[in-house]
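Asks: fold the following, please.
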Amino acid sequence: MNASISLRGGGMRKTLTCITKCIRLWGYRKHIGSRMLGLCVHAAAALTVTVLGFLVVYIMVRGIPNLRPSLFAWEYTSDNQSMLPAMINTCTMTVISLLLAVPFGVGAAIYLQEYARRGSAITKVTQITTQTLSGIPSIVYGLFGMLMFGGALGMGYSLISGALTLAMMILPLIMRTTQEALSSVPDLYREGSYGLGAGKLRTVFSVVLPSAAPGILSGVILAIGRIAGETAALMYTSGTVAKIAGPGDSGATLALHMYKQASEGLYLNEAYATSVVLLAVVLAINFCADRAAKLITKGRG
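Replies: Here you go, the predicted structure:
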């Protein structure tokens with residue numbers, strides 16, 4: 001009987017504690033400050049969605065009527081204003097930039113998170129440097145790329161010069177997102193792998209990296225979006241030639257092609273049509289990345 005009384009007493013205490021928490025929570029929600037903060041949050045979310053929806057609708061309304069088959073001709077001329085060469089150059093630029101930046105960014109994040117001693121001098125210096133590089137304007141990267149890659153190394157205006165510049169720009173982003181993804185992996189995974197006899201390298205590549213793959217992929221997708229929409233840095237490195245370019249040739253990407261059309265003032269309709277294609281490409285990349293992340297997570301589960 002004493003045991004049942006104690007159990008009932010413990011249950012009553014838990015119930016009273018739960019009721020007290022609910023009352024306090026309800027009091028917080030009724031507080032004027034909480035209501036004001038909630039109103040501000042909802043207003044900010046509504047404003048963000050409204051602005052995004054307005055931009056998408058405006059671009060589609062102005063751009064879709066101007067889409068025509070001649071805009072996808074194989075060669076660019078002053079008559080057709082084809083964007084197909086710029087689309088191909090964008091794909092080439094994206095692939096080269098990712099090949100240059102992803103191995104170094106992911107490798108540096110693995111070293112900082114898994115091998116470097118926490119709080120060491122090299123870790124602090126690297127984090128400060130990464131944050132500083134993330135805040136540098138893209139035009140500064142463009143000027144540096146023009147002087148270093150185009151001038152000192154003799155690459156001139158070329159896709160490889162632009163890709164090297166973009167690789168420097170997206171490297172801090174990939175490092176930061178990869179390190180955050182690795183830090184989100186529970187230490188129990190590592191301890192379980194060590195307990196089964198796996199070494200450090202095997203644990204990192206067989207346990208930690210697959211678990212952090214969705215977060216790493218999100219960082220790569222953000223980097224692709226920045227590459228696809230960059231203009232200032234490429235204006236000084238890859239050039240604005242409207243043709244299908246090789247790695248050593250000058251060529252304009254899709255965003256730079258659109259900027260050139262809009263700045264000249266003679267092909268505004270074609271610029272709006274190009275913006276629709278660029279928006280569709282970015283949305284398609286985000287959709288594919290989201291699906292890939294879900295498949296990876298589902299496969300892990």
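Asks: now do the contacts for the nearest residue to R117 once chain neighbours are set aside.
Replies: Sequence neighbours aside, T123 is the residue nearest to R117 in space, at 7.3 Å (criterion: C-beta to C-beta, 6 or more residues apart in numbering). Where you see a C-beta, it was placed from the backbone N, CA and C, and this is true even at glycine. By C-beta atoms under 8 Å, 6 or more residues apart in numbering, the residues touching T123 are L112, A116, R117.
Asks: now T123: how far from L254?
Replies: T123 is 38 Å from L254, where distance means C-beta to C-beta, to the nearest Å.
Asks: next, the contact list for the closest residue to T94 other than its chain neighbours, please.
Replies: In space, and not counting its chain neighbours, T94 is closest to I227: 5.0 Å by C-beta to C-beta, 6+ apart. Contact analysis of I227 by C-beta under 8 Å, 6+ apart lists T90, M93, T94, S97, L98, L166, I170.
Asks: take the residues you listed and keep only those in helices.
Replies: T90, M93, T94, S97, L98, L166, I170 (DSSP state H).
Asks: do I have it right that the second one meets L164?
Replies: No: proximity of M93 to L164 does not meet the contact threshold set by C-beta atoms under 8 Å, at 10.7 Å.
Asks: same drill for these two, tell me which one is more crowded.
Replies: M93 (27 against 21; other C-beta atoms under 10 Å).
Asks: show the contacting residues for the more buried one.
Replies: M93 touches L159, G162, A163, L166, I227, L234, S238, T253, counting by C-beta under 8 Å, 6+ apart.
Asks: make it 7 Å
Replies: Going by C-beta atoms under 7 Å, 6 or more residues apart in numbering, M93 touches L159, G162, A163, L166, I227, T253.
Asks: got CSV for the residues you listed, with pLDDT, secondary structure and distance to L283 too?
Replies: Formatted as CSV, the contacts of M93 follow (pLDDT from 0 to 100; DSSP: H, G, I helix; E, B strand; the rest coil; distance: C-beta to C-beta, whole Å):
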residue, pLDDT, secondary structure, distance to L283
L159, 90, helix, 24
G162, 90, helix, 24
A163, 91, helix, 24
L166, 92, helix, 21
I227, 87, helix, 15
T253, 87, coil, 17
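Asks: most widely separated two among the residues you listed?
Replies: L159 and I227 (11.8 Å; C-beta to C-beta).
Asks: next, work out how far apart S263 and T231 are.
Replies: 10 Å.
Asks: who has more neighbours, these two?
Replies: T231 (19 against 11).
Asks: what backbone torsions are found at the nearest residue to S70 once chain neighbours are set aside?
Replies: With C-beta to C-beta, 6+ apart as the criterion, S70 has its nearest non-adjacent residue at 4.0 Å, and that residue is N80. Phi and psi for N80, reported as degrees, to the nearest 10, are phi -90, psi -20.
Asks: quick check, N80 in contact with F72.
Replies: No: in this structure, N80 is not within contact of F72 by C-beta atoms under 7 Å, at 8.9 Å.
Asks: which one's more surrounded, those two?
Replies: More crowded of N80 and F72, by other C-beta under 10 Å: N80, with 17 against 13.
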